[in-house]
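**Student:** output the structure for:
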Amino acid sequence: MKHFFGTDGIRGVAGEPPLDSATLYALGLALGDDLGAGARVVMGEDTRVSSSGIAATLAAGLAARGIVVAHAGVLPTPGVAFLAASGGFAAGIMISASHNPYQDNGVKIFGATGYKLPDEEEAVIERALLRYLDQPAPDFASPPLPALTELRDAYVAHLAERFRHTDFSRLRLVLDCAHGAASAVAPALCAALGLHAEILHHEPDGRNINAGVGALHPQLLGARVRAVGADAGVAFDGDADRAILVDAQGEIVNGDCVLLMAARDLRAAGALSPAEVVGTVMTNLGLERVLQREGIQLLRTAVGDKYVLEKMRERGARLGGEPSGHIIFGAEATTGDGLLTALHCFDLMARRRLPLRQLCDGWQEMPQIIVNVKVAQKIPLEQLAPVQAAIRQAEDHFQGGGRVLVRYSGTEKLARVMVEAESRQAVEHHAEAIAAALRSSLGE
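**Tutor:** This is a model prediction of the structure:
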């Protein structure tokens, strides 16, 4: 069992274990052992007030093992993955807690191929980290690392090159950067591609990342799209590895709908072989049904784009993602990329001269409710008799016509209850019944 790595790297409250100086320095030493002296690492960060200090402390541990760190400054997570794979680096490190509030932070690690480290390698690094925790971290100042802006420019150029033949001139768009990492690249990318876009929430102050804006709060984006008569909009999360779109009416177009339109486009181009799309246990049953009607199989994994990608590589699938907006285009990226996802959708609108919503024709979302329950501890769910009884009652009611999923968050002290079926009333009833059983068993 891993102590530090969750479903998306290491995450916690900045300044507290495992994001205290001692643990971060030990992580640098452990990762340095894994990579070997003389290796080169590229590092990026989001806009949190704690990110630069975490980057500097981690870099100090790496330097003690002879690792050379190239710092890209503020950059989206997929930018770090791209640079790791294309720049001859032994690894890529991203300092970010994604969609979490500014008080949190985290460390994501990519290998030389641009893919996140497998569980086995994370376990090796953890064992070394635990050994080094016995050694006090040296008393040193950690000034911010100087940023190499050419690294950020290379990522922007990479995205712009992919869509350089698309005429976006007819589209009017709105982009919400969540005061996060997208703020550092979205203006340059829009200029390079001739995108007519109003850019919102791109003035980070270290504490406003994700604060009522971005992918977790797309209602603000939708209202702005309606107000200015734009064709569509997109909201990113703090590290811009996911995107939530809205149509011209300001209505949300989530990751499941993006998977549908992208699958159709890839298949029309003869590029969806095998005819499979990888989703997760949270992927809406409505998507599974419409894909099945069109001869495309939906494969499900555990929650986390890391596991989606592992299944894609295992099957040779070209497309995968999550309702939260993590979309992976297997032939173009090694992780979810919110900017790439948005550009694909805008490219489809431009080429087909169709509104975003029409590209999702045939999509009927099954009523689905997700209830988050704060928990004081994560006792194995199978040991909680009242919770199991509530789950069985829901499954007996749906008789195969719905789905129930209860799981712990990999990054927060939460239990997540997901229920979906054709009857919204039944979904609401059973989701709350299961959540109530969790609260009585595990509530803070």
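**Student:** for the stretch 1-150 of the chain, which spans come out with low pLDDT?
**Tutor:** Per-residue confidence for the stretch 1-150 of the chain (pLDDT under 70) gives these ranges: 1, 138-142.
**Student:** try the stretch 301-444 of the chain
**Tutor:** 443-444.
**Student:** recalculate using a threshold of 90.
**Tutor:** In the predicted model of the stretch 301-444 of the chain, residues 303-307, 362-365, 376-377, 400-401, 409-413, 422, 442-444 satisfy pLDDT under 90.
**Student:** all strands for it, in order.
**Tutor:** Secondary structure of the stretch 301-444 of the chain (DSSP state E, counting those that start in this stretch): strands at 319-321, 327-329, 368-374, 403-408, 414-420.
**Student:** nearest to Leu117, out of those?
**Tutor:** Taking Cβ to Cβ, strand 327-329 is the member of the strands of the stretch 301-444 of the chain nearest to Leu117, at 16.5 Å. Heads up, the C-betas are built off the backbone N, CA and C, glycines and all.
**Student:** pull the residues that contact the closest one.
**Tutor:** For strand 327-329, the surrounding residues in contact (Cβ atoms under 8 Å, 6 or more residues apart in numbering) are 242-243, 255, 258-259, 262, 305, 308-309, 312, 318-321, 335-337, 340-341, 344.
**Student:** tell me the mean pLDDT over stretch 206-214?
**Tutor:** Across stretch 206-214, pLDDT averages out at 98.
**Student:** pull the CA atoms of that stretch into PDB?
**Tutor:** What follows is stretch 206-214 as a C-alpha-only set of coordinates in PDB (Å, rounded to 0.1, in the frame of the first residue of the first chain):
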ATOM      1  CA  GLY A 206      -1.500  33.100  -5.800                       C
ATOM      2  CA  ARG A 207      -4.700  32.600  -3.900                       C
ATOM      3  CA  ASN A 208      -7.500  33.000  -6.400                       C
ATOM      4  CA  ILE A 209      -6.900  29.800  -8.400                       C
ATOM      5  CA  ASN A 210     -10.100  27.900  -8.900                       C
ATOM      6  CA  ALA A 211     -11.800  30.300  -6.500                       C
ATOM      7  CA  GLY A 212     -15.400  30.300  -7.800                       C
ATOM      8  CA  VAL A 213     -14.100  30.200 -11.400                       C
ATOM      9  CA  GLY A 214     -12.900  27.600 -14.000                       C
END
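**Student:** now do that stretch: distance to the chain's middle.
**Tutor:** 16 Å (Cα atoms, centre = their mean, to the nearest Å).
**Student:** could you do stretch 199-207 as well?
**Tutor:** 19 Å.
**Student:** show me what counts as buried in it.
**Tutor:** Neighbour counts over stretch 199-207 (16 or more other Cβ atoms under 10 Å) mark Ile199, Leu200, His201, His202, Pro204 as buried.
**Student:** what's it in contact with?
**Tutor:** Contacts to stretch 199-207, defined as Cβ under 8 Å, 6+ apart, come from residues 47-49, 74, 102, 174-180, 182-183, 186-187, 190, 208, 213-214, 220-221, 224.
**Student:** turn the buried ones among those residues into a named ChimeraX selection, would you?
**Tutor:** Remark: buried members of these, expressed as a ChimeraX selection using 16+ other Cβ under 10 Å:
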select :47,48,74,102,174,175,176,177,178,179,180,182,183,186,187,190,208,213,214,220,221,224
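**Student:** now, the contacts of stretch 199-207 that are in helices?
**Tutor:** Ala186, Pro187, Cys190, Leu220, Leu221, Arg224 (DSSP state H).
**Student:** of all the residues you listed, which comes closest to Ala64?
**Tutor:** Ala186 (36.0 Å).
**Student:** ok, now how distant is the closest one from Val253?
**Tutor:** 19 Å (Cβ to Cβ, to the nearest Å).
**Student:** same list (the strands of the stretch 301-444 of the chain) but as a markdown table, adding distance to Ala426 and mean neighbour count.
**Tutor:** Below are the strands of the stretch 301-444 of the chain laid out as a markdown table (distance: least, Cβ to Cβ, whole Å; neighbours: other Cβ atoms under 10 Å):
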| stretch | distance to Ala426 | mean neighbour count |
| --- | --- | --- |
| strand 319-321 | 28 | 28 |
| strand 327-329 | 30 | 25 |
| strand 368-374 | 10 | 17 |
| strand 403-408 | 11 | 19 |
| strand 414-420 | 8 | 23 |
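**Student:** select, out of these, the one closest to His3.
**Tutor:** That would be, of the strands of the stretch 301-444 of the chain and by Cβ to Cβ, strand 403-408, which comes in at 15.6 Å.
**Student:** figure out how far that closest one is from the centre of its chain.
**Tutor:** 20 Å.
**Student:** give me the contacts around that strand.
**Tutor:** By Cβ under 8 Å, 6+ apart, strand 403-408 touches 281-282, 285, 303, 375, 378, 381, 387, 391, 394-395, 398, 414-421, 430, 434, 438.
**Student:** cutoff 6 Å now
**Tutor:** 281, 285, 378, 381, 391, 394-395, 415-420 (Cβ atoms under 6 Å, 6 or more residues apart in numbering).
**Student:** got it, and stretch 23-42?
**Tutor:** So stretch 23-42 is contacted by 17, 57-58, 61-62, 65-70, 83-84, 89-92, 125, 128-129, 132-133, 137 (Cβ under 6 Å, 6+ apart).
**Student:** from the residues you listed, list just the buried residues.
**Tutor:** 57-58, 61-62, 65, 67, 69-70, 83-84, 89-92, 125, 128-129, 132-133, 137.
**Student:** wait, isn't Gly180 in contact with Ile209?
**Tutor:** Yes: the pair Gly180 / Ile209 is scored as a contact, 4.8 Å apart, by Cβ atoms under 6 Å.
**Student:** which neighbours do those two share?
**Tutor:** In contact with both Gly180 and Ile209: Thr47, Gly238, using Cβ under 6 Å, 6+ apart.
**Student:** how long is stretch 371-383 end to end?
**Tutor:** Across stretch 371-383, the terminal residues are separated by 20 Å (Cα to Cα, to the nearest Å).
**Student:** what about that stretch, distance to the chain center?
**Tutor:** The chain centre lies 23 Å from the centre of stretch 371-383; the measure is Cα atoms, centre = their mean.
**Student:** going along the chain, name the helices of the stretch 101-250 of the chain.
**Tutor:** Here the stretch 101-250 of the chain has its helices, by DSSP state H, counting those that start in this stretch, at 119-132, 149-162, 186-193, 218-228.
**Student:** which ones are touching Pro386?
**Tutor:** Neighbours of Pro386 in contact, by Cβ under 6 Å, 6+ apart: Ala437, Ser441.
**Student:** now the strands of the stretch 301-444 of the chain in a markdown table, with distance to Val290?
**Tutor:** Listed next are these as a markdown table, based on distance: least, Cβ to Cβ, whole Å:
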| stretch | distance to Val290 |
| --- | --- |
| strand 319-321 | 15 |
| strand 327-329 | 17 |
| strand 368-374 | 15 |
| strand 403-408 | 16 |
| strand 414-420 | 15 |
